[in-house]
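Colleague: Generate coordinates for the sequence data below:
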Amino acid sequence: MNFKLKMSRKHDQIIKDSWQRCESLGLLTTHNPVLESVSKTDSSILSEQYFSLVNTTDSEVLPYYQNILSNAQCLIVLTDDKGIALKSWGDKRFLSSKHQEYFAAGIDWKEMYNGTNAIGTALYCGEAVQIQRDEHFLKCNRFMIGSAAPIYDVNQSLLGMLDISSDSYLPQAHTLGLVKLMSQGIENRLLVSSYSEQNFMLSFNTNMDNIDSQWSGLVVFDSNGIIISANRRAESLLSYDLALVNVADIFGISVAVLKNQPEQISFALVALEKYKMYGLIKKPSSIVMHPVDYREHAHIQDKNKVADVTLESRPEQDTSDKNIAVPLDHFGFGDEKIKRYIDQAKRIVNKTIPILIHGETGVGKEVFVNGLHHYSERKAYPLVAVNCAAIPNELVESELFGYEKGAFTGANIKGSIGLIRKAHKGTLFLDEIGEMPLNVQGRLLRVLQERSVAPLGSTKTYSVDIKLISATNRSLKEEVEKGCFRQDLYYRVSGLNIELPPLRERSDRRHLFEKINQMHQQSDIKYTLSTEIMDLFHKHPWPGNIRQLVSVLQIAQAMADNGQIQTWHLPDDFFNDIQLNHLSDVAVAPVMANTLSPLNVIEAFEAKKLDEVQQMISTYTHFSGNISKTAKALDVSRNTLYKRLKEAGVR
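Modeller: Coordinates of the predicted model:
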């Protein structure tokens, strides 16, 4: 079939389907559009939330097409992913005063309010469309022709729509192609701004002369060669899903050779062993820097003496799950909670509002904070991570606030500026803040109130500008009620509250398993996860969350002789957790008394009670006698657990 004829039929079907939707919504062609708009507050929030999109469009993409657009009487409208207008540019002279208000910021362009139109219809079908004059469902919209194309973010999720509207009597042959090109340009710029600082970028196309154009394929890969993002054009050119694939497997060139290609000089490529391409490499604009982990269990020889705590002498701790630099947008792979928290955190991170992150041990709080810091305006300054539970109580004050030389016995002769001042203009991350001693909480409160810190042994104060992010696996409200955490400090650290879900509750687990498996490969062998392994991973309760997953994968990769990880490569305690989880499911299964005789009911009850005791003891043993963790796993209070353990003769 002729390509143009095929496309024409597809377009006709899009219009037909849209008109049917409008009729099912109760619209008539004689109706006027509904001037549906969000409130001023919501409009302000949208402007803040989509600042990067609007700014990129305004300053980096539209100027590129200025000569073309200046000769066309048209209006460009940018909307969010729900069709609500964010901003418009261009010539409004073809609009009557009545129509101009429909193009203001905050106006909703969905079909239910405006009938068949470029923005609303493209939003529904997920692809670029052009709505001609008489294709508009509402007659009052037939004064214009609209061309709209979707804009996708770096995770291939719909971010917004770009529309070009103009007088219906002017020629529009080029407009649909132009809006497609512009939307692709916006996507490319967002990709570059998100990843170019710490990753390699490969542009490629079929012709040497247009490698650097907006319509080229663009892939982002890390230092190991793993493709962490790509534009839609790249996947279209190759007809291949590029997510988490090694770039060497796509282009047949080793990662080392690709990384060492000179910038700004094109070179030949053969993609997937059949497509002749030309490429251009762009190297990271800065060296990847991991935040120093200042935590250390200092050796104390005398309780009355404080050990030397100079920061410069501290080695970085080898915590595999914390040293992996993960961009904020790659912390999640589709889980709605994670996506919402990322969006919220992005809007807050450059404000003075503190962030408090809740979550079980191992859910990735440190990794989330690392990504958030490198997303923020403070990324050029330090991210100082402090584990409040890892610093001995005798050292917390000197660690945080610093001290003058000779401030106390055993103090370093040079003194120390302290971790808070180390974080000046950057981010201070207080992990396990619920473990902070009460006397230190009072001093921290004054620092947060006065935005200044006085070192131990000094009367001089130093101004500090920090973004405070705290994390805990406890309920700070409960700690306040028990008198273990200051209420006034709680309200100082509790601004935006984020509850990172445990691994077992995440809906994007499959993608997460694959991604972490790729991230932690240490050899040339590409370890893959079989279907059987993936099924086991889905059944596993993951009490240690992502940290446990990393440990399991590292052990499995070390045990595997080839690239395929099998069940016998997994550690024994991995299967113990699955068995324990199964016992838990059996224990909580309801006893159907109405289907049993009285004697059987008693026997079933006793069997259920025995199962509960066995599960309690197994859980208690699994957590090495830790009451808090056992109580949490069994979903009972600590007092109840103490009582049941005593009844069972365990304590």
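Colleague: so where's the stretch 301-450 of the chain uncertain?
Modeller: The model of the stretch 301-450 of the chain has pLDDT under 70 over residues 301-325, 394, 406-414.
Colleague: Do a quick rundown of the strands in it.
Modeller: For the stretch 301-450 of the chain, the strands defined by DSSP state E, counting those that start in this stretch occupy 355-358, 383-387, 427-431.
Colleague: Buried deepest among the ones you listed, which one?
Modeller: strand 427-431 (a mean of 25; mean count of other C-beta atoms under 10 Å). C-beta coordinates here come from the backbone N, C-alpha and C atoms, glycine included.
Colleague: Dump the C-alpha coordinates for that strand into CSV.
Modeller: Below are the C-alpha coordinates for strand 427-431, written out as CSV (Å, rounded to 0.1, in the frame of the first residue of the first chain):
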residue,chain,number,x,y,z
THR,A,427,23.7,19.0,51.7
LEU,A,428,23.9,17.6,55.2
PHE,A,429,22.4,14.1,55.4
LEU,A,430,21.7,12.9,58.9
ASP,A,431,21.0,9.2,58.6
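Colleague: List the residues that contact Arg443.
Modeller: 397, 400-401 (C-beta atoms under 8 Å, 6 or more residues apart in numbering).
Colleague: hmm, I was thinking of Ser376
Modeller: 349-350, 427, 467.
Colleague: out of the residues you listed, who's nearest Asp508?
Modeller: Of all these, Asp508 sits closest to Val349, with 22.2 Å by C-beta to C-beta.
Colleague: Once you drop chain neighbours, what's closest to that closest one?
Modeller: What sits nearest to Val349 in space, not counting adjacent residues and going by C-beta to C-beta, 6 or more residues apart in numbering, is Ser376, at 4.4 Å.
Colleague: From Ala345, how far out is the one you found?
Modeller: 9 Å (C-beta to C-beta, to the nearest Å).
Colleague: again with Lys643
Modeller: Taken as C-beta to C-beta, the span from Lys643 to Ala345 is 41 Å.
Colleague: Comparing the two, which residue is more hemmed in?
Modeller: Ala345 (22 against 13; other C-beta atoms under 10 Å).
Colleague: The more buried one and Ile355 touch, don't they?
Modeller: Yes: assessed by C-beta atoms under 8 Å, Ala345 is found in contact with Ile355 at 6.5 Å.
Colleague: Which residues are in contact with each of the two?
Modeller: 372, 496, 498.
Colleague: pLDDT at the last one, what is it?
Modeller: Right, the one you point to is Ile498. Per-residue pLDDT puts Ile498 at 94.
Colleague: What's the first helix or strand after the host helix or strand of it?
Modeller: Using DSSP states H and E, Ile498 maps to strand 496-499. Downstream of strand 496-499, the first helix or strand assigned by DSSP H and E is helix 509-519.
Colleague: Buried ones in that next one, by neighbour count?
Modeller: In terms of neighbour count (16 or more other C-beta atoms under 10 Å), helix 509-519 has its buried residues at 509, 511-519.
Colleague: For those, give me JSON lines that also has pLDDT.
Modeller: Shown next, in JSON lines, are the buried residues of helix 509-519 (pLDDT from 0 to 100):
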{"residue": "Arg509", "pLDDT": "89"}
{"residue": "His511", "pLDDT": "88"}
{"residue": "Leu512", "pLDDT": "89"}
{"residue": "Phe513", "pLDDT": "90"}
{"residue": "Glu514", "pLDDT": "89"}
{"residue": "Lys515", "pLDDT": "87"}
{"residue": "Ile516", "pLDDT": "87"}
{"residue": "Asn517", "pLDDT": "87"}
{"residue": "Gln518", "pLDDT": "84"}
{"residue": "Met519", "pLDDT": "80"}
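Colleague: between the residues you listed, which is closest to Val636?
Modeller: Arg509 (26.7 Å).
Colleague: re the thing from before, next, format the contacts of Arg443 as CSV and append neighbour count and distance to Ile617.
Modeller: CSV is the format used below for the contacts of Arg443 (neighbours: other C-beta atoms under 10 Å; distance: C-beta to C-beta, whole Å):
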residue, neighbour count, distance to Ile617
Glu397, 21, 41
Leu400, 25, 41
Phe401, 24, 45
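Colleague: Just checking: what are the partner strands of the helix or strand hosting Leu280?
Modeller: Following DSSP H and E, one finds Leu280 within strand 275-282. If you go by DSSP bridges, strand 275-282 pairs up with strand 200-205 (antiparallel), strand 267-271 (antiparallel).
Colleague: helix or strand right after the first one?
Modeller: Remark: after strand 200-205, the chain's next helix or strand is strand 217-221, criterion DSSP H and E.
Colleague: Show me what that next one is packed up against.
Modeller: Using 3 or more C-beta pairs under 8 Å, 6 or more residues apart in numbering; DSSP states H and E, the elements in contact with strand 217-221 are helix 175-195, strand 200-205, strand 227-230, helix 232-238, helix 247-251.
Colleague: and the longest one, what's its mean pLDDT?
Modeller: Read it as helix 175-195. The model assigns helix 175-195 a mean pLDDT of 87.
Colleague: Convert that helix to CSV, retaining C-alpha atoms only.
Modeller: Once non-C-alpha atoms are left out, helix 175-195 reads as follows in CSV (Å, rounded to 0.1, in the frame of the first residue of the first chain):
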residue,chain,number,x,y,z
THR,A,175,4.0,22.5,10.6
LEU,A,176,3.5,18.9,11.7
GLY,A,177,7.1,17.9,10.8
LEU,A,178,8.3,21.1,12.6
VAL,A,179,6.5,20.4,15.8
LYS,A,180,7.8,16.8,15.8
LEU,A,181,11.4,18.1,15.3
MET,A,182,11.0,20.6,18.1
SER,A,183,9.6,18.1,20.6
GLN,A,184,12.5,15.8,19.8
GLY,A,185,14.9,18.7,20.3
ILE,A,186,13.3,19.3,23.8
GLU,A,187,13.7,15.6,24.7
ASN,A,188,17.3,15.7,23.6
ARG,A,189,18.2,18.8,25.6
LEU,A,190,16.5,17.3,28.7
LEU,A,191,18.5,14.1,28.2
VAL,A,192,21.8,16.1,27.9
SER,A,193,21.1,18.2,31.0
SER,A,194,20.2,15.2,33.1
TYR,A,195,23.1,13.0,32.2
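Colleague: which other helices and strands contact that helix?
Modeller: helix 51-56, strand 129-131, strand 144-152, strand 158-167, strand 200-205, strand 217-221, strand 227-230, helix 232-238.
Colleague: Would you mind pulling the contact partners of the last one?
Modeller: If I follow you right, that is helix 232-238. Under C-beta under 8 Å, 6+ apart, the answer for helix 232-238 is 152, 156, 184, 187, 204-206, 215-219, 241-242, 250, 271-272, 275, 277.
Colleague: try the third one
Modeller: Strand 144-152 is contacted from outside by 53, 94, 117-119, 121-123, 126-133, 136, 158-168, 170, 172, 175-176, 178-180, 182-183, 186-187, 232, using C-beta under 8 Å, 6+ apart.
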